[in-house]
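Engineer: Provided below for reference: sequence and predicted model.
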Amino acid sequence: MDIEFYKEQLSAKEDMLARTTKYLTDIRFDLQEKNRELHEAHNDILGSIRFAELIQRSLLPDISILKIFFQDAAYEVKQQIGIGGDAVFIKNTSQGIAFGLTDSTGHGVPAALLSISGSLMLNELTTSIEIESPNVLVKLLNYQLHNTFNSNQHSIAHMEGTVCYYSTKKRKLSYCSANGKAILFNKKGELRELSTGKYSIGENLADEFENFELDIMPDDRLILFSDGLTDQFGGEKNKKFSRARLKQLIITHCEKPVDEIKQILTDEHLNWKGSNQQTDDVSFLIVEF
Amino acid sequence: MTYNNLEFELIYECEYSKLYYNYELMMAICLAEQEYIPISNFKTMFLKVSDLIETFPIKHLIFDKRNLRTFHQPSMEWYFAIWKPIVKEKGLVSHYKILPELDWFEKAVEAGKHEIIKKYGKEILNGLNIFYVKSIEEAIENVNKN
């Protein structure tokens, strides 16, 4: 091989190096630009979600209404990304108070839209008719949700939850569970899980929703909660928080004031979650009769 | 030269490269023998392929570049813009490429290709079925399978 070969090879090497360097530099600039655009889009979305969070939070009912009808009451709603599908509903009527907790399909923006729609529908229903049987309210909501979101396609939007009506005069609690989760307990540590209906609201027009009645004893307490609380992954073995753990916590702290129990459950959920992502929207509502 | 129990006949050789042919497979193999093939030798070798295809059918071409350490942009441009349309017209179907297992070399090839696409458009890549393989044996197996 002569000197000409080495000269040509050297020139080709330099050319290769220059072209590759330019190519990689262009890619780097391109990636930096894309990264900037992504960052901007991320901030825009985050800003929108933060604002939407304020709007959704402002739609949550005033706890002081419940405190008029009950010895004590508290609730917590902690959506997975600030906005989400869990909602608390409170509406006083002439004879008592209707209240409930709903958990819409999924989480995030679509769940928030569904949850807000559901809450508005519930409010409208309780304003237009006097409702003392929660299952009537749930049936009407089922009808409205189904016709609004699911009539022309597969069921895409539904919600679980428990709707209650408490008659202060009769000291009777009526409730209708649409796959909702509820536990009745007292300060002695006696605890009872309430029957759960098998259908979700909005899935099928033909679904039946049953009404249950309970005689309430003084100092009885009721907790309604979404599965986001018990389904949270965490702990040492990254397992679900579980209903058993919730029950144990309730028994352990049953004598404490409602607000304190609320704080304990909030802290326990947070501790259990640890560095994990929040699995789902989390909410619970506690009343003391 | 024997690959996968098939005899390949030496058609052309210079100090930088060799060209083999197997009639049964209708396959030619270009072997880079040095770190760099000067453009004139590169063109000579590939023109031998286009000459050979006039007499003997060649459907598959393997270019084993594992010995190369310098990627030469003008040679690559000539390959894409001038040589490829000619052999495609003459019946070449697939081109198997074997690159040295060097990340920087692969990046240099990527950069070169990117520049060629920018200059001639994406269509420049059309025509032949291009496969990147690890060895000549793998390319032959692939041809036998299909």
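Structural biologist: Right, received. Where do you want to start? Numbering: from 1, shown residues only, chains lettered A, B, ... in the order given.
Engineer: wait, what's in contact with B:Glu24?
Structural biologist: B:Leu6 (Cβ atoms under 8 Å, 6 or more residues apart in numbering or on different chains). Glycine gets a C-beta too; all of them are placed from N, C-alpha and C.
Engineer: Please report the distance of it from chain A.
Structural biologist: Note on B:Glu24: its distance to chain A, by Cβ to the nearest Cβ, to the nearest Å, is 35 Å.
Engineer: And that residue, what's its pLDDT?
Structural biologist: pLDDT, B:Glu24: 92.
Engineer: sec struct for it, please.
Structural biologist: coil (DSSP: H, G, I helix; E, B strand; the rest coil).
Engineer: Report the secondary structure state of the residue nearest the centre of chain B.
Structural biologist: In chain B, the residue lying closest to the centroid (Cα atoms, centre = their mean) is B:Phe63, at 3.3 Å. Secondary structure for B:Phe63, judged by three-state DSSP, is strand.
Engineer: Report the beta-bridge partners for it.
Structural biologist: Assessed by DSSP bridges, B:Phe63 has beta-bridge partners B:Cys30, B:Lys97.
Engineer: Could you check the pLDDT of it?
Structural biologist: The model's pLDDT for B:Phe63 equals 97.
Engineer: unless I'm mixing things up, A:Ile63 is touching A:Tyr75, no?
Structural biologist: Yes - at 6.3 Å, A:Ile63 counts as touching A:Tyr75 under the criterion of Cβ atoms under 8 Å.
Engineer: follow-up on the earlier one: what's the distance between the residue nearest to the centre of chain B and A:Phe225?
Structural biologist: B:Phe63 sits 67 Å away from A:Phe225, going by Cβ to Cβ, to the nearest Å.
Engineer: and what of A:Asn150?
Structural biologist: A:Asn150 is 26 Å from A:Phe225, by Cβ to Cβ.
Engineer: For these two, indicate the residue with more neighbours.
Structural biologist: Legend: neighbour count by other Cβ atoms under 10 Å in any protein chain shown for A:Asn150 and A:Phe225, higher for A:Phe225 (25 against 17).
Engineer: contacting residues around that one?
Structural biologist: A:Phe225 neighbours (Cβ under 8 Å, 6+ apart): A:Leu101, A:Lys181, A:Ala182, A:Ile183, A:Leu246, A:Ser283, A:Phe284, A:Leu285.
Engineer: all strands of the stretch 101-250 of chain A, in order?
Structural biologist: According to DSSP state E, counting those that start in this stretch, the stretch 101-250 of chain A carries its strands in the segments A:159-167, A:172-178, A:181-185, A:191-193, A:212-215, A:221-225, A:233-234, A:239-240.
Engineer: Next, count neighbours for the spatially closest residue to B:Lys119 that is not a sequence neighbour.
Structural biologist: Closest residue to B:Lys119 apart from its sequence neighbours, by Cβ to Cβ, 6 or more residues apart in numbering or on different chains: B:Glu77 at 7.7 Å. The tally of other residues near B:Glu77 (other Cβ under 10 Å) stands at 16.
Engineer: May I have the phi/psi pair for B:Glu77?
Structural biologist: Dihedral angles of B:Glu77 (phi, psi; degrees, to the nearest 10) stand at phi -60, psi -40.
Engineer: and if you look at the one 3 residues further on?
Structural biologist: Here is the backbone geometry of B:Phe80 (degrees, to the nearest 10): phi -70, psi -50.
Engineer: In contact with it, which residues?
Structural biologist: Applying Cβ under 8 Å, 6+ apart, we find B:Phe80 in contact with B:Ile116, B:Tyr120, B:Ile124, B:Leu125.
Engineer: hang on, B:Met45 in a strand?
Structural biologist: No - going by three-state DSSP, the assignment for B:Met45 is helix, not a strand.
Engineer: The spatially closest residue to it that is not a sequence neighbour and B:Ala111, how far apart?
Structural biologist: Of all residues not flanking B:Met45 in the chain, B:Ser17 sits nearest, at 4.9 Å (Cβ to Cβ, 6+ apart). Computed as Cβ to Cβ, the B:Ser17 to B:Ala111 distance reads 23 Å.
Engineer: Let me see the contact set for A:Pro257.
Structural biologist: So A:Pro257 contacts A:Asp72 (Cβ under 8 Å, 6+ apart).
Engineer: Phi first, then psi, for it.
Structural biologist: According to degrees, to the nearest 10, A:Pro257 has phi -60, psi 150.
Engineer: Not counting its neighbours along the chain, what's nearest the closest residue to chain B within the stretch 101-250 of chain A?
Structural biologist: Among the residues of the stretch 101-250 of chain A, A:Asn238 lies closest to chain B, at 36.8 Å counting by Cβ to the nearest Cβ. Of all residues not flanking A:Asn238 in the chain, A:Asn276 sits nearest, at 7.1 Å (Cβ to Cβ, 6+ apart).
Engineer: Give the helix, strand or coil label for that neighbour.
Structural biologist: Of the three states, A:Asn276 takes coil under three-state DSSP.
Engineer: what about it, how many neighbours?
Structural biologist: Neighbours of A:Asn276 (other Cβ under 10 Å): 12.
Engineer: Repeat that for A:Thr102.
Structural biologist: The burial count for A:Thr102: 27, using other Cβ under 10 Å.
Engineer: before we move on, what about the one 10 residues further on?
Structural biologist: Other residues near A:Ala112 come to 26 when the count uses other Cβ under 10 Å.
Engineer: pretty sure it contacts A:Ser48?
Structural biologist: No - applying Cβ under 8 Å as the test, A:Ala112 and A:Ser48 come out as separate, 11.4 Å apart.
Engineer: Bridge partners for B:Tyr21, pull those for me.
Structural biologist: B:Glu9, B:Ala28.
Engineer: So it sits against B:Lys59, correct?
Structural biologist: No - applying Cβ under 8 Å as the test, B:Tyr21 and B:Lys59 come out as separate, 11.8 Å apart.
Engineer: Comparing these two, which residue is more hemmed in?
Structural biologist: Per other Cβ under 10 Å, whichever of B:Tyr21 and B:Lys59 has more neighbours is B:Tyr21, with 20 against 14.
Engineer: show me what contacts that one?
Structural biologist: B:Phe8, B:Glu9, B:Ile11, B:Met27, B:Ala28, B:Ile29, B:Leu52, B:Phe56, B:Ile58.
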